[in-house]
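> Below are the sequence and a predicted model; questions follow.
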Amino acid sequence: MTAATVLVINSGSSSIKYQLVDPAAGTSLASGLVERIGEETGHIEHKYGETVKEIDGPVPDHGDGLRKVLALFDEVGPKLSEANIVAVGHRVVQGGKYFSGPAIIDEAVEQKIRDLCPLGPLHNPAHLKGIDVARELMSNVPHVAVFDTAFFQGLPDEAATYALNKEVADKYEIRRYGAHGTSHQFVSGAASEFLGRDDLKQIVLHLGNGASASAVVNGKAVDTSMGLTPLEGLVMGGRTGDIDPAAVFHLVREAKMSVEEIDNLFNKQSGLKGLTGDNDMRGVRERAEAGEAQARLALDVYLHRLLKYVGSYTAVMGGLDAITFTAGAGENDSHLRAELVARLAPFGVKLDEEKNNVRSKEAREISTPDSTVRVLVIPTNEELAIARQAMTLV
Ligand code: ADP
């Protein structure tokens, strides 16, 4: 009998990413992605062991994309009839106030995800497309929604509440929901395990294209940098992160920009991209090292913001035991880690340069034995986290 597996699906507006995961072993058995759905030519890539099969051609909609993926499983492997899939896990960005954990998808759950579209306009409608077709095509297994916001549903009220007029905030459900919660939960749990302690005050820095920080005490999130939407907080690839909301009024009044234009400006044309033209940390660093002042400034703005979050979260938690770096830049950019920790030197945080420079896919410690705070690098694995959460319900 093959081990129980979970098919994890992350459905975007024009893409479907998927992975077949063995949650007990923590391994990926196959993975792939469908891109450019609805465009003139789409692209599908399916990986199984050493085999990579690619298909170019139109993929008119999500249903057609998933049907082709299921056919690829049977053609390239592993055959679905032999894969022992016990659940399909769907990533959902916005769970609003309804979901503090994973949920088996039925009509009522699907309706709630639909109701939350105004709070997750870039993501939830796209997730629903994937959920609909997957439930139709794989109707013999339970489908589970795993929410990016769930880990932060238990935030203390003082961290979740904006100092916005209460009537308006209540009516329009404006509060801190956070995002990247699946990653923060997975990585903070892995940090606890790595250090062999449950009673930790820790900060997780998820530094990918999207970036967020969280403060976690004894396994529970007490604050996080993303807010009503993933726009708030750290400097990101294309997002401003924190900015005075009055910049919006100013742009409406002076530049006569529309809400859509400002949304696009803040979410896609800002951050590293807006400061340098490049949303990739590697490119920005190369240019800074070559002496380009604007690229150096972008890195300094990025680091200054990170440092402020580390400082404020340490104060909020009344101390700090561990900082963990994760996601693309957090896992791979040793310069970034060194530059942040250098700014924490006055507080006795010390990096072991040699350990920091090791490239590895393993969880590891990069601080010196006498550092006041343990500094870790732990690769995130959102697919595995989703698969494991889905398994808890089936
Ligand atoms: P996403 O948020 O899209 O999941 P990732 O977690 O894959 O993003 O992170 C992507 C980002 O990680 C890239 O934009 C890049 O800036 C950064 N990154 C990846 N590898 C490196 C590296 N070796 N050095 C510096 N930055 C890196």
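Structure received.
> Quick check: K166 vs the ligand, distance?
K166 sits 34 Å away from the ligand, going by C-beta to the nearest ligand atom, to the nearest Å. C-betas here are computed from N, CA, C, even on glycine.
> M391 now?
23 Å.
> do the same with K201
Distance, K201 to the ligand, by C-beta to the nearest ligand atom: 25 Å.
> now swap in E193 and tell me
E193 sits 21 Å away from the ligand, going by C-beta to the nearest ligand atom.
> can you list the residues that contact the helix or strand hosting that residue?
Applying DSSP states H and E as the criterion places E193 in helix 181-195. Contacts with helix 181-195, where a contact means C-beta atoms under 8 Å, 6 or more residues apart in numbering, come from 91, 146-152, 198, 200, 202, 204, 206, 212, 214, 216, 219, 221, 224, 321-322, 324, 326-327, 363, 365, 374, 376, 378, 380-382, 384-386, 389.
> List phi and psi for E365.
Phi and psi for E365, reported as degrees, to the nearest 10, are phi -100, psi 140.
> Quick check: closest non-adjacent residue to it.
L376 (5.4 Å; C-beta to C-beta, 6 or more residues apart in numbering).
> average pLDDT across the helix holding E193?
On average, the pLDDT along helix 181-195 is 98.
> Convert the C-alpha atoms of the helix or strand just after that helix to CSV, please.
The element immediately downstream of helix 181-195 (helix or strand, assigned by DSSP H and E) is strand 201-207. The C-alpha coordinates for strand 201-207 follow below in CSV (Å, rounded to 0.1, in the frame of the first residue of the first chain):
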residue,chain,number,x,y,z
LYS,A,201,9.8,34.5,21.8
GLN,A,202,10.6,34.5,18.1
ILE,A,203,10.5,36.6,15.0
VAL,A,204,10.0,35.0,11.6
LEU,A,205,11.1,37.0,8.6
HIS,A,206,9.6,35.6,5.4
LEU,A,207,11.5,37.5,2.7
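> tell me the angle of strand 201-207 relative to helix 181-195?
Here strand 201-207 points in a direction 130 degrees away from that of helix 181-195 (axes from the mean of the first three to the mean of the last three C-alpha atoms, to 10 degrees).
> Given strand 201-207, what are its sheet partners and their directions?
Partners of strand 201-207 in the sheet, by DSSP bridges, are strand 211-217 (antiparallel), strand 322-326 (parallel).
> could those be laid out in CSV, adding mean pLDDT?
Below are the strands paired with strand 201-207 laid out as CSV (pLDDT from 0 to 100):
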stretch, mean pLDDT
strand 211-217, 98
strand 322-326, 98
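> I44 sits in which helix or strand?
Going by DSSP H and E, I44 is in strand 42-48.
> Would you mind listing the buried residues in that strand?
42-44, 46-48 (16 or more other C-beta atoms under 10 Å).
> is the ligand contacted by stretch 78-96?
No - using C-beta under 6 Å from any ligand atom, we find that stretch 78-96 stays clear of the ligand, coming within 11.6 Å at best.
> quick one: the helices in the stretch 201-350 of the chain?
246-254, 259-268, 271-276, 281-289, 293-317, 327-332, 334-343 (DSSP state H, counting those that start in this stretch).
> Out of these, the one nearest G96 is which?
Counting by C-beta to C-beta, G96 lies closest to helix 259-268 out of the helices of the stretch 201-350 of the chain; the figure is 19.4 Å.
> measure the residue nearest to G130 when sequence neighbours are not counted to the ligand for me?
Leaving out its chain neighbours, the residue that sits closest to G130 by C-beta to C-beta, 6+ apart is S11, at 2.4 Å. Using C-beta to the nearest ligand atom, S11 is found at 15 Å from the ligand.
> Dig out what S11 forms beta bridges with.
Taking DSSP bridges as the rule, S11 bridges to I16.
> What is the neighbour count of it?
If you count neighbours by other C-beta atoms under 10 Å, S11 ends up with 28.
> shouldn't it be in contact with P125?
No - using C-beta atoms under 8 Å, S11 is not in contact with P125, being 9.9 Å away.
> isn't there a helix covering V375?
No - counting by DSSP: H, G, I helix; E, B strand; the rest coil, V375 falls outside a helix, being strand.
> OK, contacts around it?
Shown in contact with V375 (C-beta under 8 Å, 6+ apart): 322-325, 337, 341, 349, 351, 365-367.
> Drop anything exposed from those.
Using 16+ other C-beta under 10 Å as the burial test, those include 322-325, 337, 341, 349, 351, 365-367 as buried.
> now for the helices of the stretch 201-350 of the chain, which one comes closest to the ligand?
Closest approach to the ligand among those is made by helix 327-332 (2.0 Å; C-beta to the nearest ligand atom).
> Pull the residues that contact the closest one.
183, 205-209, 211, 281, 325, 336-337, 359, 377, 379-380.
> Can you select the buried ones from those residues in PyMOL?
A single PyMOL command selects the buried members of the contacts of helix 327-332 (16+ other C-beta under 10 Å):
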select buried, resi 183+205+206+207+208+209+211+281+325+336+337+377+379+380
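> tell me which of the contacts of helix 327-332 is nearest to G26?
P379 (11.5 Å).
> isn't the closest one right next to R359, touching?
No - counting by C-beta under 8 Å, P379 stays clear of R359, with 11.4 Å between them.
> what residues does the protein put near the ligand?
Checking the chain against the ligand by C-beta under 6 Å from any ligand atom, the hits are 208-210, 237, 280-282, 327-329, 332-333.
> Please list only the buried members of these.
208-210, 237, 281, 327-329, 332-333.
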